[in-house]
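A.B. asks: What follows is a predicted structure for the sequence shown.
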Amino acid sequence: MGITFLLLVTASVLSQTAAPGSAVRIGRVKYTGGGDWYNDPSAEVNVLQFLHEQTGVDVDPTYTPADISNDQLFSFPILFMTGHGNIAFGEKEVRNLRTYLENGGFLYADDDYGMDKPFRRELKKVFPDQELVELPFSYGLYHAPFSFPAGPPKTHKHDGKPPRGYGLFLHGRLVVYYTYESNPSDGWADPEAHGDPPDKREEALRFGVNLLVWALTH
């Protein structure tokens, strides 16, 4: 099955999924604890624009902080979370995020280096009885519209470990996807932000399309 056909099918599915006149938005999770939740503000802008170029789906390519301590998060179909340091969720943030994810929301978290332990700790507050599990390379997110037969791309070196992709499922639906030692969102940022070569940025943006398509259609 060719890429062009897959993209046409994807655009058709997305157009049926979205409400008439709506545009796909991403909310950047604003959290406390000291981590730089706000870094690389061009990431969402660029990956949404790339999604539109590849699929034709309507997007709102803006950098929009989402304060999960109030109802603001419920206006986004997808939340994106990243950073290099500590994370701290309060009781209201835990409650809101759980409600959001239990009712159709999706969270993508990307370890920008140094976020792994605090993210796992705080996610346990949200779902104490659930575990992040590594997704097999055969999982559908890795295969449409673009093929990633070895899972998430290795955009940045970090500690030189293999890139890993983890998921948290509720009633069979992937509600949280987490990349570690991969960092594709750095490849979404403007070229001058990290100096990634064009092929690495293209790879990261294509992976972003897979991620967004999966979140919007499952």
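C.D. replies: Cool, got the structure. Numbering: from 1, shown residues only.

A.B. asks: where in this protein is pLDDT low?
C.D. replies: 1-21 (pLDDT under 70).

A.B. asks: biggest helix in it, by residue count?
C.D. replies: Ordering each helix of the chain by length in residues (DSSP state H) puts helix 198-217 first.

A.B. asks: buried residues in that helix?
C.D. replies: By neighbour count with 16 or more other CB atoms under 10 Å, helix 198-217 contains the buried residues 200-201, 203-216. The way it works is simple: take the backbone N, C-alpha and C, and place the C-beta from them, glycine included.

A.B. asks: Quick one: residues in contact with that helix.
C.D. replies: Helix 198-217 is contacted by residues 10, 13-14, 17-18, 24, 26, 46-48, 50-51, 54-55, 77-78, 106, 108, 140-146, 148, 152-153, 155, 174, 177, 184-188, 191, 196 when judged by CB atoms under 8 Å, 6 or more residues apart in numbering.

A.B. asks: What of stretch 83-93?
C.D. replies: Contacts to stretch 83-93, defined as CB under 8 Å, 6+ apart, come from residues 31-37, 39, 68-69, 97, 112-115, 118-119, 121-122, 125-126.

A.B. asks: what about that stretch, distance to the chain center?
C.D. replies: 17 Å (CA atoms, centre = their mean, to the nearest Å).

A.B. asks: Mind listing what's buried along it?
C.D. replies: Residues of stretch 83-93 classed as buried by neighbour count (16+ other CB under 10 Å): 83, 86, 87, 89, 93.

A.B. asks: Restricted to strands, list those.
C.D. replies: residue 83 (DSSP state E).

A.B. asks: Which single one of the buried residues of stretch 83-93 is nearest to residue 168?
C.D. replies: residue 89 (14.7 Å; CB to CB).

A.B. asks: Please name the residues that touch the residue nearest the centre of the chain.
C.D. replies: Per CA atoms, centre = their mean, the C-alpha nearest to the average position across the chain is that of residue 108, at 3.0 Å. Counting by CB under 8 Å, 6+ apart, residue 108 touches 78, 79, 80, 81, 176, 177, 178, 179, 211, 215.

A.B. asks: now do residue 72
C.D. replies: Taking CB under 8 Å, 6+ apart, we find residue 72 in contact with 27, 66.

A.B. asks: Okay, it and residue 97: tell me how far apart.
C.D. replies: 12 Å (CB to CB, to the nearest Å).

A.B. asks: now do residue 216
C.D. replies: To residue 97, residue 216 is 19 Å away according to CB to CB.
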